[in-house]
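# here is a sequence with its predicted model. Questions after.
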Amino acid sequence: METTTEEKQGRGQLTERIKQKSVELLGYEIEQRELRLMPYIQYEMVNNHRIDPNKINAEERKILSKWRTAGHIEGGASGLGITKEFWDIINEIIFLGYVDLID
C-alpha cells in the first residue's frame, strides 16, 4: 500500500491548521508555548499523574492556571487530574502538531 504525504508538520510548530483547530476545540487560538506544553502534560498524565515544578517556567504556569480556571485540569505537583474532554482535545492538537499526515 503506497501512501503520500499531504502536509509536513514541523515538530511542535504552530501552524494555521493548529490555530484553527484550537479555536474550534478550545474557543481561542493557542500560542507556541501552549502547544509545546501539551505533550508534557500528556506524558505526565500517562506516567506520573503530577507536574514537576522544576520542569515548567512562569509562562507555562500561567497556561496551567488558565486551564485550571477553565476546568480542564486540577491539581499539579501533588497530583494532576484532567477531564476526558480536555484529554481528547490535547491529543487532537498534539497529533496535528507533531505528526505528518498521510492519505
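Arrived safely. The model shown is predicted, which means the values in this text are computed figures rather than measured ones.
# tell me how far the helix or strand where Ile93 lies lies from the chain's centre.
In the assignment (DSSP states H and E), Ile93 maps to helix 84-98. Relative to its chain's centre, helix 84-98 lies at 6 Å (CA atoms, centre = their mean, to the nearest Å).
# can you list contacts of that helix?
Applying CB atoms under 8 Å, 6 or more residues apart in numbering, the contact partners of helix 84-98 are 9, 11-15, 17-18, 21-22, 25-26, 30, 35, 38-39, 41-42, 45, 67, 72-73. To be clear about C-beta, it is placed using only N, CA and C from the backbone, and glycine gets the same treatment.
# and these, which are buried?
9, 14, 18, 21-22, 25-26, 30, 35, 38-39, 41-42, 45, 67, 72-73 (16 or more other CB atoms under 10 Å).
# those residues in helices, which ones?
Among the buried ones among the contacts of helix 84-98, the ones falling in helices (DSSP state H) are Ile18, Lys21, Ser22, Leu25, Leu26, Leu35, Met38, Pro39, Ile41, Gln42, Met45, Trp67.
# can you check the pLDDT for the residue nearest in space to the middle of the chain?
Central residue check for the chain by CA atoms, centre = their mean: the C-alpha nearest the mean position is that of Met38, 2.6 Å away. Listed pLDDT for Met38 reads 96.
# ok, it - contacts?
Residues near Met38 by CB under 8 Å, 6+ apart: Ile90, Ile93, Ile94, Gly97.
# near the last one, how many other residues are there?
Same thing as Gly97. 25 (other CB atoms under 10 Å).
# picking up where we left off before, so for the helix holding Ile93, what gets flagged as buried?
For helix 84-98, a neighbour-count test (16+ other CB under 10 Å) marks Phe86, Ile89, Ile90, Glu92, Ile93, Ile94, Leu96, Gly97, Tyr98 as buried.
# quick check: mean pLDDT of that helix?
95.
# name the nearest residue to the residue nearest to the centre of the chain, ignoring sequence neighbours.
Distance criterion CB to CB, 6 or more residues apart in numbering; nearest residue to Met38, sequence neighbours excluded, is Ile90 at 4.4 Å.
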